[in-house]
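Peer 1: From the sequence below, what's the structure:
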Amino acid sequence: MYKVFVNDRPLILTDKIREAGDGEYFPMNGKAVKTAVEALYKKKLSQAFIYHPNHSEILNKFTEHIPLVVAAGGVVTNPKGKVLFIYRFDKWDLPKGICKKNEPLEKCAIREVEEETGVQGLEIENILRTTYHVFRRNGKFKLKEVHWYAMKTDFNGTLVGEASEGIEKVKWKGPVKIKLALQNSYANIRSLFEPPQL
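Peer 2: Next up is the predicted model:
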């Protein structure tokens, strides 16, 4: 199963058909996929399911209809235990970006955090998880697969948001401010602060 967010609404890619009426089911074909994505994007559905019998093929089949873009980013903490956030498009977010051709994921994650925030001396601790969301660019839907890494740094210099990426603010946030920021963030960002599902 994959959970893909479309305008913060879940689109579940699954190889199981549940009998409970907890969302509309769509088959894995071009027309149905686009109908489901469009309905979620326009908030006509609260959630939807796309069914395909072979779990190992689900993501590949989906990306035949909604092209895949691979990105990487970081949940960065400093010695005080604060987490690095960026503010853009009226939401709190975490630094991430699209990987260059043949660029290793870890290298991409560090480069994007540095470029978007001005933070240096980043060290990757471990991979956290991969999130998926659909975005619209030039009228076309794309699936963004973001590989998230836990990072740490001793950096205490000036934080500089990458203006060309629309970043208005960069802030270190402690537990109370993180909770507030997540209320004005995205579902896939909130998922990074939830305990992992078993």
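
Peer 1: Which pLDDT value does the model give the residue lying closest to Ile98 once chain neighbours are set aside?
Peer 2: What sits nearest to Ile98 in space, not counting adjacent residues and going by CB to CB, 6 or more residues apart in numbering, is Ala71, at 4.9 Å. Bear in mind the C-beta positions are built from the backbone N, C-alpha and C, glycine included. Listed pLDDT for Ala71 reads 98.

Peer 1: Doesn't Ile178 lie inside a strand?
Peer 2: No. Going by DSSP: H, G, I helix; E, B strand; the rest coil, the assignment for Ile178 is helix, not a strand.

Peer 1: mind listing what it touches?
Peer 2: For Ile178, the contact set (CB atoms under 8 Å, 6 or more residues apart in numbering) comprises 83, 85, 193.

Peer 1: which of those are buried?
Peer 2: Neighbour counting with 16 or more other CB atoms under 10 Å marks 83, 85 as buried within the contacts of Ile178.

Peer 1: Strands - which of the contacts of Ile178 land there?
Peer 2: Residues of these located in strands (DSSP state E): 83, 85.

Peer 1: Tabulate the contacts of Ile178 in CSV, adding columns for distance to Ala36.
Peer 2: Formatted as CSV, these follow (distance: CB to CB, whole Å):
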residue, distance to Ala36
Val83, 33
Phe85, 31
Phe193, 27
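
Peer 1: in this protein, which spans are helices?
Peer 2: Remark: helices assigned in the chain by DSSP state H are 30-41, 58-63, 105-117, 175-183, 187-191.

Peer 1: Skip the chain neighbours and tell me the closest residue to Phe193.
Peer 2: Using CB to CB, 6+ apart and skipping the chain neighbours, the partner closest in space to Phe193 is Leu182 (6.3 Å).

Peer 1: Next: Ser191.
Peer 2: Using CB to CB, 6+ apart, the closest residue to Ser191 is Thr131 (6.3 Å).

Peer 1: The one you found contacts Arg190, correct?
Peer 2: No. Under the criterion of CB atoms under 8 Å, Thr131 makes no contact with Arg190, lying 10.1 Å away.

Peer 1: show me the contacts for the closest residue to Val76 other than its chain neighbours.
Peer 2: Excluding the flanking residues, the one nearest Val76 by CB to CB, 6+ apart is Leu84, at 4.0 Å. By CB under 8 Å, 6+ apart, the residues touching Leu84 are 74-78, 94-95, 113, 117, 119, 159, 170-173.

Peer 1: helices and strands of the chain: which one bottoms out on pLDDT?
Peer 2: strand 24-27 (a mean of 91; mean pLDDT, DSSP states H and E).

Peer 1: Quick check: buried residues in that one?
Peer 2: So for strand 24-27, counting by 16+ other CB under 10 Å, buried means 24, 26.

Peer 1: so what strands line up beside it?
Peer 2: strand 48-51 (parallel) (DSSP bridges).

Peer 1: Just give me how far the partner strand sits from the chain centre.
Peer 2: 19 Å (CA atoms, centre = their mean, to the nearest Å).

Peer 1: who touches that strand?
Peer 2: Here strand 48-51 makes contact (CB under 8 Å, 6+ apart) with 9-18, 23-28, 32-33, 36, 39-40, 58, 62.
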